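Engineer: Attaching a predicted model along with its sequence, questions to come.
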Amino acid sequence: MPSGSTRSRLHPLTALALAVSAAVLTTAAACWPLSVAVALGAGLLAWRAGVARRVLAAGAVILVPFGVSLLMLHGLFFPEGRTVLAAWGPARVTAEGLGFALEAATRTAACVLVLLLFSFTVHVPDLIAALIARRVPRQFSYVLASTLTLMPAIARRLDSIQQAQQARGLVLGGGLLSRLVAVRLQMVPLVLGLIEDAGSRSQALDARGFARPGPRTSYRTLTDPTAQRGLRAAALLLAATAVLLRLAAAWPGLGRP
């Protein structure tokens, strides 16, 4: 997790607004140089926050299979491709297909890295307190908090399961068959543990009156400077403008009488 000073500089809603706006702008622009710049910026910010290894590792798990599938589908079987670079039967490598795959891959990489940076740097209790202070439904806040904390919780539980099984003599190395058996033996206690955790969380929420109506108090007090409120508004306005321009470019007759 980043240091406390890093957290204190940005209000959690400001970080959320900037992350969402960057993802929306990158998607609306559909320009691979901008996508590369946003991805590099996210990587630099992750390095400064001390979470670069975690962000890049999680991003690789998502983006490598996605990039390979894009290359196979659009690089070899792009129906609008006209400039053929190589051909093997029905498969054709076209410049248009490679360009489309590059643009889609860089755009997705930028969005994924920006959102991962937010998830790994935001302080979840502060974010939930900020949302509740603005009368966001508690159910939405809880779902968001669960989403942000799910992967770290799964990683910690899986690491504990692996250590316990290795202490009992389970061999995690070896050939492919041995690894598949080890994965199956790890998934069973992992899934059962997650189900047990879900039941425990439900009981804890009921005991704390989660579903009860009425106003709530919070022991967390967050400062929200005027400058950051203006920054959030500007970022969201810029994202909305980019979406409208994208729609106007896609449908030139949109908005005409």
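Structural biologist: Right, received. Where do you want to start? Numbering: from 1, shown residues only.
Engineer: How about the helix or strand hosting T108, which residues are buried there?
Structural biologist: Secondary structure from DSSP states H and E places T108 in helix 95-121. Buried residues in helix 95-121, counted by 16 or more other C-beta atoms under 10 Å: 96-121. C-betas here are computed from N, CA, C, even on glycine.
Engineer: now for the helix ranked longest in the chain, which elements pack on it?
Structural biologist: What stands out as the longest helix in the chain, according to DSSP state H, is helix 176-207. With contacts defined as 3 or more C-beta pairs under 8 Å, 6 or more residues apart in numbering; DSSP states H and E, the packing partners of helix 176-207 are helix 138-167.
Engineer: returning to what we had before: what's the angle from the longest helix of the chain to helix 138-167?
Structural biologist: Following axes from the mean of the first three to the mean of the last three C-alpha atoms, to 10 degrees, one obtains 140 degrees for the angle between helix 176-207 and helix 138-167.
Engineer: give me every residue that touches A130.
Structural biologist: Counting by C-beta atoms under 8 Å, 6 or more residues apart in numbering, A130 touches H11, P12, L13, L222, D224.
Engineer: And it, how close does it get to G230?
Structural biologist: A130 is 16 Å from G230, where distance means C-beta to C-beta, to the nearest Å.
Engineer: just to revisit the earlier point, identify, from the contacts of A130, the entry nearest to A167.
Structural biologist: A167 lies nearest to P12 out of the contacts of A130, by C-beta to C-beta, at 39.2 Å.
Engineer: Kindly provide the distance from that closest one to Q166.
Structural biologist: Taken as C-beta to C-beta, the span from P12 to Q166 is 38 Å.
Engineer: more crowded one of those two?
Structural biologist: The residue with more neighbours, out of P12 and Q166, is P12; 22 against 12, by other C-beta atoms under 10 Å.
Engineer: Let me see the backbone angles for that one.
Structural biologist: Backbone torsions for P12, taken as degrees, to the nearest 10, come to phi -60, psi -30.
Engineer: Now do the SS call for the residue nearest to it when sequence neighbours are not counted.
Structural biologist: Ranked by C-beta to C-beta, 6 or more residues apart in numbering and with sequence neighbours excluded, the top spatial neighbour of P12 is L127, at 3.9 Å. Three-state assignment for L127 (DSSP: H, G, I helix; E, B strand; the rest coil): helix.
Engineer: can you pull the contacts of L127?
Structural biologist: P12, L13, L16, L144, A145, L148.
Engineer: Can you verify my assumption that the second one contacts A233?
Structural biologist: No: between L13 and A233 there is no contact, the gap being 11.1 Å when judged by C-beta atoms under 8 Å.
Engineer: more crowded one of these two?
Structural biologist: Neighbour count, other C-beta under 10 Å: between L13 and A233, L13 has more, with 20 against 11.
Engineer: Show the pLDDT at the more buried one.
Structural biologist: On pLDDT, L13 comes in at 90.
Engineer: Contacts only, for it.
Structural biologist: L13 makes contact with L127, A130, L131, R134, D224, R232 under the criterion C-beta under 8 Å, 6+ apart.
Engineer: Next, work out how far apart the first one and L102 are.
Structural biologist: Looking back up the chat, that one is L127. For L127, the distance to L102 - C-beta to C-beta - is 34 Å.
Engineer: same question, the second one
Structural biologist: Taking C-beta to C-beta as the measure, A130 falls 38 Å from L102.
Engineer: same deal with the fifth one?
Structural biologist: Distance of D224 to L102, given as C-beta to C-beta: 40 Å.
Engineer: any idea of the pLDDT on R216?
Structural biologist: For R216, the predicted pLDDT is 67.
Engineer: burial of V143, as a residue count?
Structural biologist: A count of neighbours around V143, defined by other C-beta under 10 Å, yields 11.
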